[in-house]
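Novice: Sequence and predicted structure below; questions after.
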Amino acid sequence: MHNKERLLIAVIASVTVYTTSYYLLAKQEHPVEESHHVNYKFDILGNHSPSQYEVVKWYNNSLFHTKNVTNDTFLMINENRFPLEKIVKLLQKPWTPNIANRDQLFLGSLSKKLLSFQFVTKTTVPKNHKVRIINSNKTVILPGDIYKNLPAIHQYSERQFNTCSVVGSSGILNGSCCGSKIDSADFIIRFNTPRLNGFTKDVGSLTNLVTINPSQIEKQYNRLQSKEDRAKFIAYIQQYQSYLWISGFTYLKSFEYTKLAMRTVRRSRPKRGMKLKILLGHPTHWYAMNKFLSNRGLNASYASSGAYWLTSALTMCDKVNLYGFWPFSTDQNGKPVSYHYYGKSAPRVEKIIKVHRFDQEFAIILDLHI
């Protein structure tokens, strides 16, 4: 498909496999066709179907429970038995927002009370307070220089955004021409400091919050040990000029790398005129979002940053448009899709599934969409 045709689809269709833009918390005006796997009368939270999370059941049963395909082979493999055309038809169904269910979800499982604990601030973590490391029995205390530079209050304490673009990094975005649509949102979230230069036509150029994994600080920037390492780090992240979010309390070493990153950014700001600031994810909020996803069918060590921030966006935005979340190696026409839009390399499946389950997260996304 030519770029012009992809652009036309992106403009006309509410959701399409090419943009992978899901308008979450919706209800279908027309039910999809019946299947022997499940009764296809979907409603958000499963309130009007025989049991909850019918999409999750359909997704797992019809896509992966076959003789030759298991849940361990879901990611980035050439597998033509996946009925991706069914997913495409599902996403292209007429869509209207289900306001009642959105508010029920927001006021219930994703209570606004959680917003106050979304970030580590001087309000949520008192001075010299011990913070529990998520995957350890150990606790840490924020050093004085780190604590001094924490925000006093939560930046987004009120649900104030009309639209949010949550932008994954799948190669499904290549040739999509979604950049302007992504940038038109009130708040734009990206993951793992993706490259923007050279791809703005497809992925946009604006960012309000971008995540970085502490392991990136370790591996890509050599733990910021040398002056050259720190200069490389600063030069790269300056493309965002927004908030850089770190889950700094996942492991003890994550906390160490996070401190290094915060100090590097603070020292560089006056010299380079940097506007970027670092936000620390609060463990209480992390536990709550993972519990929400676990209750909806996620069985993993913990959610990916994409799933975590998608869930968080539901507490911040009236409408969430999701781009670039596509866990397959091809589109529905069999055209190869790279793991990231900005590179051809991909981690080994065996390594990923030790921590994340993108197949289950994708099923939950489909369920929220419907």
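Specialist: Right, received. Where do you want to start?
Novice: Apart from its chain neighbours, what residue comes closest to L84?
Specialist: Using Cβ to Cβ, 6 or more residues apart in numbering and skipping the chain neighbours, the partner closest in space to L84 is Q332 (3.9 Å). Yep, even glycine has a C-beta here, placed from its N, CA and C like the rest.
Novice: Just checking: what are the partner strands of the helix or strand K319 falls within?
Specialist: In the assignment (DSSP states H and E), K319 maps to strand 317-323. In the sheet, strand 317-323 lines up against strand 22-23 (antiparallel), strand 161-167 (parallel) (DSSP bridges).
Novice: Distance to A185, mean pLDDT and mean neighbour count added to those, as a markdown table?
Specialist: Formatted as a markdown table, those follow (distance: least, Cβ to Cβ, whole Å; pLDDT from 0 to 100; neighbours: other Cβ atoms under 10 Å):
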| stretch | distance to A185 | mean pLDDT | mean neighbour count |
| --- | --- | --- | --- |
| strand 22-23 | 12 | 42 | 22 |
| strand 161-167 | 4 | 93 | 22 |
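Novice: Of all the ones you listed, which one is nearest V355?
Specialist: V355 lies closest to strand 161-167 among the strands paired with strand 317-323, at 20.1 Å (Cβ to Cβ).
Novice: distance between the closest one and the chain's centre?
Specialist: With Cα atoms, centre = their mean, to the nearest Å as the basis, strand 161-167 stands 12 Å off its chain's centre.
Novice: what are the C-alpha coordinates of that strand, in PDB please?
Specialist: Taking C-alpha atoms only, strand 161-167 is exported to PDB below (Å, rounded to 0.1, in the frame of the first residue of the first chain):
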ATOM      1  CA  PHE A 161      -6.700  16.600  28.900                       C
ATOM      2  CA  ASN A 162      -9.200  16.100  26.200                       C
ATOM      3  CA  THR A 163      -7.100  13.900  24.000                       C
ATOM      4  CA  CYS A 164      -3.900  12.000  24.600                       C
ATOM      5  CA  SER A 165      -1.700  10.200  22.000                       C
ATOM      6  CA  VAL A 166       0.100   7.200  23.500                       C
ATOM      7  CA  VAL A 167       2.700   6.300  21.000                       C
END
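Novice: So which residues of the chain form strands?
Specialist: 22-23, 26-28, 95-97, 130-132, 139-141, 161-167, 187-190, 209-212, 243-246, 277-280, 317-323 (DSSP state E).
Novice: which one of those strands has the most crowded surroundings?
Specialist: strand 187-190 (a mean of 25; mean count of other Cβ atoms under 10 Å).
Novice: Mind giving me the packing neighbours of it?
Specialist: On a contact count with 3 or more Cβ pairs under 8 Å, 6 or more residues apart in numbering; DSSP states H and E, strand 187-190 meets strand 161-167, strand 209-212, helix 305-313.
Novice: Now with 7 Å, please.
Specialist: With contacts defined as 3 or more Cβ pairs under 7 Å, 6 or more residues apart in numbering; DSSP states H and E, the packing partners of strand 187-190 are strand 161-167.
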